[in-house]
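Asker: Sequence unavailable; structure follows:
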């Protein structure tokens, strides 16, 4: 499975995208992102789009609130990072209001994206306050955690972007 995220509507460069069922629009203040999920890779390259291979997924593309955790990873750190996510706790899937998750490997740069989709912002915030969240992130800053690896596999700090899902 592949995901494309663009600041321009896909139909401008790929007219068939208008008829694909797995597309959503993300909105944050004056920023709009268009997300296309498709089973096969597309020959789609523009400077306004990021391309990803989905490493892990559960649930649907949709909901009303999306959280994209952007995590830069060095080339040497990719296998360690991907192994950690392949062994993730998978507790988020059982949370009220959970709609979907996509763990995405970048095809054009070094920044992985973990996208979670929620029924509402309130559901996401409840997840952050939950024991399941604490369990899922319990090793993050310990000696067993990925952030403690030396040399660091993270060339820059990660960052989170939150969006309303527009239907």
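Answerer: Yep, that arrived. These numbers were taken from a predicted model, which means no experiment stands behind them.

Asker: Report the buried residues of the lengthiest strand in the chain.
Answerer: Longest strand of the chain, by residue count under DSSP state E: strand 49-59. By neighbour count on 16 or more other Cβ atoms under 10 Å, the buried set for strand 49-59 is 49, 50, 51, 52, 54, 55, 56, 57. No exception for glycine: its C-beta is placed from N, CA and C like everyone else's.

Asker: now stretch 57-73
Answerer: Buried, per 16+ other Cβ under 10 Å, within stretch 57-73: 57, 61, 63, 64, 65, 66, 67, 68, 70, 71, 72, 73.

Asker: So the second one belongs to a strand, correct?
Answerer: No: residue state for residue 61 (DSSP: H, G, I helix; E, B strand; the rest coil) corresponds to coil; a strand is not indicated.

Asker: For it, list the residues it contacts.
Answerer: By Cβ atoms under 8 Å, 6 or more residues apart in numbering, residue 61 lies in contact with 22, 23, 24, 35, 37, 100, 102, 117.

Asker: Going through those, which ones are buried?
Answerer: Buried members of the contacts of residue 61, counted by 16+ other Cβ under 10 Å: 23, 24, 35, 37, 100, 102, 117.
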